[in-house]
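Peer 1: Give me a model of this one.
(chains A and B)
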Amino acid sequence: MAKETVKKPGVITLINGPVVHATGMSHFAMRELVQVGEVGLTGEILQMDGDKSVIQVYEDTTGVKAGEPVKGLGRPLSVCLGPGLIGHFIDGIGRPLDRLMEKEGSFLDRGTHVDPIDMSRSWEVTPVCKVGDAVSAGMVVATVKETDLIENRVIVPRGIEGEIEFVVAPGFYKTSEVVARVKGAGGKVTPVMMYHYWPVRTPRPYKERLLPDEPLITGQRVVDGFFPISKGGVAAIPGGFGTGKTVTQHQLAKWSDAKVVVYIGCGERGNEMTQVLEEFPSLEDPYSKKPLMQRTILIANTSNMPVAAREASIYTGITIAEYYRDMGYDVAMMADSTSRWAEALRELSGRLGEIPAEEGFPAYLATRLAEFYERAGKVRTFGDKTASISVIGAVSPPGGDFTEPVTRHTKRFIRCFWALDASLAHARHFPAISWMDSYSEYAGEVKDWYHKNVDPAWAALRDEARTILAEDDMVQQTIRLMGEDVLPDSQKLIALTASLLKNGYLQQNSFSDDSFCPPIKGVTIMKLILDFHNQAKKLVADGCPLSLIRKMKELIDLAHARELSADDKAGFESLGKRLRERLEKIGSERLAQEQEQEEEGI
Amino acid sequence: MALTEYTGIDKINGPIVMLKGTPGVGYDEVVEVIAEGGEPRLGRAIMVSDDAVMVQVFAGTEGLVPATSRARFLGRPLEITLSPSILGRTFDGLGRPLDGNGPVYSDIKRNINGSPMNPMARVYPRDFINTGFSVIDVLMTLIRGQKLPIFSGNGLPHNQLAIQIASQSRLVGAENFAVVFAGVGIKHDDAAAFSASLSRRGANLVLFQNLADDPVIERIATPRYALTAAEYLAFDLGMHVLVIITDITSYCEALRELSVSRGEIPSRKGYPSYLYSDLASLYERAGVLEGKDGSITFLPILTMPNDDITNPVPDQTGFITEGQIVLSRGLDAKGVYPPIDPLPSLSRLMKDGIGEGYTREDHPRVSSQLFACYSRVQEVKALAEVVGRDELGEEDKAYLAFGDEFEKIYVNQARDENRDIEQSLDMSWRLLASLPASALSRVSMEDLEKYIKPNQR
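Peer 2: Got it, this is the predicted structure:
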């Protein structure tokens, strides 16, 4: 950035962990980015009072002294957007961790400054406009091959309208080179670059918001079949520790049919990020058959990295998501975990001496959550493309208590709630998403899509299966009190079918081929189980003892049906046939038996 | 560097003193506070402004006379001196030798706060550690480079378990294996037991002790000395280091005490709002780094107040560590050793460190099946309490028998028994074979043929 104004630096007066006070700051702007102390730690101005200001520092402040300078950078906390983000790993304030490692080794140092994206790397650029074309904000002037999967689209910046005065010829250009120039009505010429900075706390604009009526396919049966999320939807995954929030987030990052995935490790474990980094390049995207890393951006602010940067990481992530949305892509963003972000807010609020609301959280917690989740959605971009950002936030309630402030407020702003259940996790039933406590408000909106593209009975099957599980919940209460033997066969059958649904449908092994289940396979399994149920129900109603049905060995195959490959149509059909025939046989044998007895009686 | 020294303290409140008119002091710098005629007491600048410094004094402030006490600022953060000769040594809670063998001489001095590992530089841990306990190896596999806490309660044999893991894990005997043990607020007897049994078994041991009657605020520094020593052994000397720190609850209580003296707004149960970040700054120092030979495996031990797993200390720990080993008072009362309750216990790293090429191909499925069945046992037990054992159906009875066998034969083992993984896995199948095949939905059809049928005969 060439024209950084040289301002008179302020002077530090107090250091309290990540919070620093300074004077001589009257010419600084609120939320301005600053360099703190002799070592030049990155910070952001949070409060202004006369010539005094309060700064939050994104790096460890050890050794900083009162009297040291504070230098202004003349812009708010921003992220550099351009090709070279995908497949890479950045920290909470947008610094590339790979290049930091080249510079400072295995451990993170302080005050190191590197370009957020590689300015000297050259890219294959294809212009899509010619000199003289009329263009306006949001229109694509050139495309850049960012990865095999993602075509980065260089768009005319906001507020610019005019005609193309210059555009590059097809070929290879460095990130820092001008791609095109737009001459405005007043004769003002604006260069269009491959990269630009955007303030992370300001949402990027779009033309209009659309109804999220298309599902985000996740390949997880409990999600796609029971609690679907739309493209442009917002979901929360709350759960105590060890209930599988991160595993579920990883599964969604791997298998969802978004074009770009932004994964934020916010205040979580370092090894989890490493795992993504090691695993994703070797995994294939089920849709394009290319390595998953070619569509993934990782943002890491692990739990031991400075807390202020943890607060920023969520905004950095959503801004990057918006950048790719504006190119016309469906983006999915996973934030693991939003509770750590809320706790960072709490910690900073405490250090600022603000009066706390519930459980020490600042009073503006709900506002911040709402602002964040509202940045998701399905929109029409300025370039007239339909695109979306789906946000899936993990919530880590202390003690697994869903009534704590973060979970409670999050529930107000999301429309899809995947409650993780500790007892399911203890029994290693994964995904441990509770079928009783979860809900999705998108089920109605995506119904038409499913009926058109997967199965016209989708909604009916879903309702039937959920009714059985709800009835089973009551039946299980009786069983817990009095044992199964006292139940009539009709209720025992409910318990049997529910157990088939739980083990054969809802449960999914993430370490086998079953890790990704296309919607059609999910529906097929559900149908097999429900067909069995309805046929068996008739037999039981006719007086056939359930014990006969329970003994049939085809049930073991039914419980293992999810091991069949999604393409194995014949396998599913033959299983359905065998189940049907066996039940018919049981029925007819019993009838014959009855007749015999009657005859003997005569 | 010229040392700056001031006479006179302005304010004393618990472990915190305030000094005025002290320019040029850095945040987190080491301070020596000296009462007239007394020994220097180490402290740390926890807030610095242009006209005052707030200092946290590790040894406490008893006997400090405001007018005559002096403060000396050392211009550096808390550091530990490191050399290969620390192996076999015993230090106090602030890294000072306790064994009478004199100070450690070396040019290598490290800030005890360390620096965060760049997540990019980490190597995802995958190397299985055979602890010799079936319940751990099969159901909550420990991986080299993992942080796996033991959630225990007062009076449960957590120390015994940690010692046995440290000594019989297949790492011992390798020359490049070391144990760093830090006792935080522990009893004299426990400290002695640790050092005796580990050194008897020939482990390379470095000991840091902050005993129950040592200054409380010192505890905040003790784990950091231990972890900095461990980082040196692992990443400078290439050793595989097992760090055991007991008891993290004492550490958190010290943190709470300090926070209250600073007048900070408390969060749950009076713990400071930064408890999570602070614990993370300890736990996240475990791991494996690219291009370095060594590793740090971390077994923190914490006693849950009132055996309550939702207390902030175990709760926040569980959110940071890669799983937990939970000890159960019920199993302990039945005489089961180790009294590990498998259901709430978990190893997050095991999924990538077991199976084909690591342990044995059937491991993932057999462990999942054992969890499912043992979880069912709990339901049946609850039912049996209401209707009585005799009223149960055949399948439920089979589950109860399975549960008893599981606890008595599988979980329970002798205090010197070291089972290898093959043995533990074979035992698992023998146990499962007592249940009907329809109950085994987590294993594949081939498993039923290969492992269950032969055991049923």
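
Peer 1: how about the helix or strand encompassing B:Thr249, does it get close to chain A?
Peer 2: Counting by DSSP states H and E, the element that carries B:Thr249 is helix B:248-261. No: Helix B:248-261 is not in contact with chain A by CB under 8 Å from any CB of the partner chain; minimum separation 9.9 Å. Every C-beta, even on glycine, is put in place using the N, C-alpha and C of the backbone.

Peer 1: helices or strands next to the helix or strand just after that helix in the packing?
Peer 2: Next along the chain after helix B:248-261, taking DSSP H and E as the criterion, comes helix B:275-283. Contacting helix B:275-283 under the criterion 3 or more CB pairs under 8 Å, 6 or more residues apart in numbering or on different chains; DSSP states H and E are the following elements: helix A:338-351, helix B:222-231, helix B:248-261, strand B:295-303, helix B:312-320.

Peer 1: follow-up on the earlier one: quick one: the helix holding B:Thr249 to strand B:295-303, angle?
Peer 2: 70 degrees (axes from the mean of the first three to the mean of the last three CA atoms, to 10 degrees).

Peer 1: Going by neighbour count, list what's buried in helix B:248-261.
Peer 2: For helix B:248-261, the neighbour count (16 or more other CB atoms under 10 Å in any protein chain shown) marks B:248-259 as buried.

Peer 1: Also stretch A:275-295?
Peer 2: A:275-277, A:280, A:283, A:285-286, A:291-295.

Peer 1: pLDDT added to the buried residues of helix B:248-261, as JSON lines?
Peer 2: Formatted as JSON lines, the buried residues of helix B:248-261 follow (pLDDT from 0 to 100):
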{"residue": "B:Ile248", "pLDDT": "95"}
{"residue": "B:Thr249", "pLDDT": "95"}
{"residue": "B:Ser250", "pLDDT": "94"}
{"residue": "B:Tyr251", "pLDDT": "96"}
{"residue": "B:Cys252", "pLDDT": "96"}
{"residue": "B:Glu253", "pLDDT": "94"}
{"residue": "B:Ala254", "pLDDT": "93"}
{"residue": "B:Leu255", "pLDDT": "93"}
{"residue": "B:Arg256", "pLDDT": "94"}
{"residue": "B:Glu257", "pLDDT": "91"}
{"residue": "B:Leu258", "pLDDT": "88"}
{"residue": "B:Ser259", "pLDDT": "89"}
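
Peer 1: Which one of the residues you listed is nearest to chain A?
Peer 2: Of all the buried residues of helix B:248-261, chain A sits closest to B:Ser259, with 9.9 Å by CB to the nearest CB.

Peer 1: if you skip the residues just before and after it, what's nearest to the closest one?
Peer 2: B:Pro272 (3.8 Å; CB to CB, 6 or more residues apart in numbering or on different chains).

Peer 1: okay, now the one you found: neighbour count?
Peer 2: By the criterion of other CB atoms under 10 Å in any protein chain shown, B:Pro272 has 24 neighbours.

Peer 1: you'd agree it is up against B:Gly263?
Peer 2: No: counting by CB atoms under 8 Å, B:Gly263 is not a contact partner of B:Pro272; they are 11.1 Å apart.

Peer 1: got a list of what the nearest residue to A:Glu268 once chain neighbours are set aside touches?
Peer 2: Nearest non-adjacent residue to A:Glu268, counting by CB to CB, 6+ apart: A:Asp336, 5.5 Å away. Listed by CB atoms under 8 Å, 6 or more residues apart in numbering or on different chains, the contact set of A:Asp336 reads A:245-246, A:249, A:263-266, A:268, A:272, A:394.

Peer 1: nearest residue to B:Lys292 other than its sequence neighbours?
Peer 2: B:Phe235 (4.8 Å).

Peer 1: Just the mean pLDDT for stretch A:134-143, thanks.
Peer 2: Per-residue pLDDT values across stretch A:134-143 average out to 93.

Peer 1: Contacts made by it with the rest, please.
Peer 2: A:125-129, A:151-164, A:167-168, A:179-180, A:182, A:192, A:207, A:326-327, A:381-384.

Peer 1: got the CA coordinates for that stretch in PDB?
Peer 2: Listed next in PDB are the C-alpha coordinates belonging to stretch A:134-143 (Å, rounded to 0.1, in the frame of the first residue of the first chain):
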ATOM      1  CA  ALA A 134     -19.700  -0.700 -20.500                       C
ATOM      2  CA  VAL A 135     -19.300  -2.200 -17.000                       C
ATOM      3  CA  SER A 136     -20.700  -1.600 -13.500                       C
ATOM      4  CA  ALA A 137     -19.900  -2.800 -10.000                       C
ATOM      5  CA  GLY A 138     -20.100  -6.600  -9.600                       C
ATOM      6  CA  MET A 139     -19.500  -7.500 -13.200                       C
ATOM      7  CA  VAL A 140     -16.700  -9.800 -14.100                       C
ATOM      8  CA  VAL A 141     -13.800  -8.400 -16.100                       C
ATOM      9  CA  ALA A 142     -11.500 -11.400 -16.000                       C
ATOM     10  CA  THR A 143     -11.200 -14.900 -14.600                       C
END
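
Peer 1: If you count neighbours, what's buried in stretch A:299-306?
Peer 2: Here stretch A:299-306 shows A:299-306 as buried, counting by 16+ other CB under 10 Å.

Peer 1: Does chain B have contacts with it?
Peer 2: Yes: residues of stretch A:299-306 contacting chain B under CB under 8 Å from any CB: A:300, A:302-305.
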